[in-house]
Structure formats: structure tokens, C-alpha cells
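[1] Sharing a sequence plus its predicted fold:
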Amino acid sequence: MPFPALTMHQPTSKWTLLLLLALAMVGCSDNKPTNEAKFKPIPEKRTTTPQEEENFSRRVEAVLNEGAQSAEGQEQAPRASKARPPNSGKDPMIRLTKNGMPLGEVVYHNDKLDYYECKGLVAPWFLELVVAEMNYFNELAELPFVDSKTCIVTYGTDKSLTPGRIGIQLFETNRQFERCIKNEECPVFRTVNFVPNKTAIMRSYFFSDFSRRLIQHHCVTDTGKWHRDQTCYTVENP
């Protein structure tokens, strides 16, 4: 299964409570554009043919239901689905201060976001999970894979539309990272933002490819359930 249930095992409950408290104050809605709105091209309206929809459905079914070990799975499943990331670990997902901010030094700042290095801040087990899920969606969208080498944690400032929101951005290369973060030129953009539900944290993925006029959203709940073409802000009672 590409999305194992996420049991957030942490040394104490303080980290979970802090993260939930920090994110719960965000007050996001699907009507509010995210901070990355400037990187979102207006997609051209395109009608999906019945054959394309059937092919996609078969591919997803092979991955989620039959698995990579079945004949159908071996034929249709993306290679990213073969990753087996951990779904819990001894360390907190993201180290936070008592005020719910990332526990590290800001490496870059603009009016709407503070940026932190992932190393030493994001638990290795959690980063492995995020990379595996992101690459699953990359392959479905026919985008290049990413890894944990070029990773940044974002925190919404008071001037952001979503103050206090924590996310992770991943890039293919350092050059792409510098171009996107410092020059605000992101022809291909990938991010995951962490959205609280009543009891846990969901992962809301966003992808865009300017050259293809592509925009995609995916939500993965804390139990590993995938909501295709939805942000986690619109998922109810996951």
C-alpha cells in the first residue's frame, strides 16, 4: 500500500499537542489561496476521455487494492508504490518550540514564509514517508522524482494568508531550490502542508507544472486514506 496508516508515535504527547495547536489556528479554507498562489498557473480546461479515466482507475486499483505483487500490479503499478516507508518512529514528526514554531534557525525569509533546513528538524522516518508519498504522486503526474537531499520546512508568517501553517517543500536539485525559493521562479512546484483534523494531522499535497498547465491536489489522512483531487481542507470525517 502506498499510504500506510500514520500512527504518530512520539516520546511525549507534548509535540503532538503543540503541532495540533499551531496548525489549528491556521483557519484555512479552500476559498483562500495558499502562499504558493503565484506559482499556480491557470489550468486549461481539458476533458478526460473515458479511456484515460479507465486507464487511470485501473492503475490506481492495481496499486491500492491488488498491490505490486499481483500480475496486474506489476504491470500497472508505478515503481514509487514499491517503497515501504515507516509509518511511525521514536522521534516527533517535526521538532517545535513551546510556541509551536520549528525548532531551528531561519535560513531564508520573505514576507509570507520562513524557511528552515529539514536536517535535524524533520524526523528521518517522517521525511521518508513524505518523500515516498510525494514520489507516488509524481509518477502518476509524470513528474520527476525527488529525494530528501533538497528539502525545506516552511512556516507561515503573520503576513501569510495561513499564519502558523507548517509545510515541507522538496526539489529535484539545489539549482531548482535556489531558483524557486530565492528568485520565486517555480516552473515545477511540490509541497505538502499539514492540516489538523479532530484528532490527528492530515497531509495535503500540491503539485504544479507550468509548462504543462498542470495543477494537482491530493489529501492523505492520518489513517492513510487517499482523497484524489482534493485538499485536506475540504475532506470531512476522514
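    Received it, and whenever you're ready, just let me know what you need. Numbering: from 1, shown residues only.
[2] Correct me if wrong, but Tyr155 is in a strand.
    Yes: according to DSSP: H, G, I helix; E, B strand; the rest coil, Tyr155 belongs to a strand.
[3] where's it relative to Asp229, distance?
    27 Å (CB to CB, to the nearest Å). Glycine gets a C-beta too; all of them are placed from N, C-alpha and C.
[4] quick one: contacts for Glu172?
    By CB atoms under 8 Å, 6 or more residues apart in numbering, the contact list for Glu172 reads 144-146, 150, 188.
[5] now these: which count as buried?
    For these, a burial check counting by 16 or more other CB atoms under 10 Å picks out 146, 150, 188.
[6] closest to Leu170 among these?
    For these, the closest approach to Leu170 (CB to CB) belongs to Val146, at 4.1 Å.
[7] Mind picking the one among the buried ones among the contacts of Glu172 that's closest to Gly120?
    Nearest to Gly120 among these is Thr150, at 15.4 Å by CB to CB.
[8] Quick one: residues contacting the closest one.
    Residues near Thr150 by CB under 8 Å, 6+ apart: 170-174, 176-177.
[9] Skipping adjacent residues, who's closest to it in space?
    Distance criterion CB to CB, 6 or more residues apart in numbering; nearest residue to Thr150, sequence neighbours excluded, is Phe171 at 4.3 Å.
[10] What residues of stretch 123-131 count as buried?
    123, 125-131.
[11] In helices, which of the residues you listed appear?
    Among the buried residues of stretch 123-131, the residues falling in helices (DSSP state H) are 125-131.
[12] For the helix or strand hosting Cys219, which helices and strands make contact with it?
    Using DSSP states H and E, Cys219 sits within strand 214-220. Strand 214-220 is packed against helix 124-140, strand 201-209, strand 226-228, with contacts defined by 3 or more CB pairs under 8 Å, 6 or more residues apart in numbering; DSSP states H and E.
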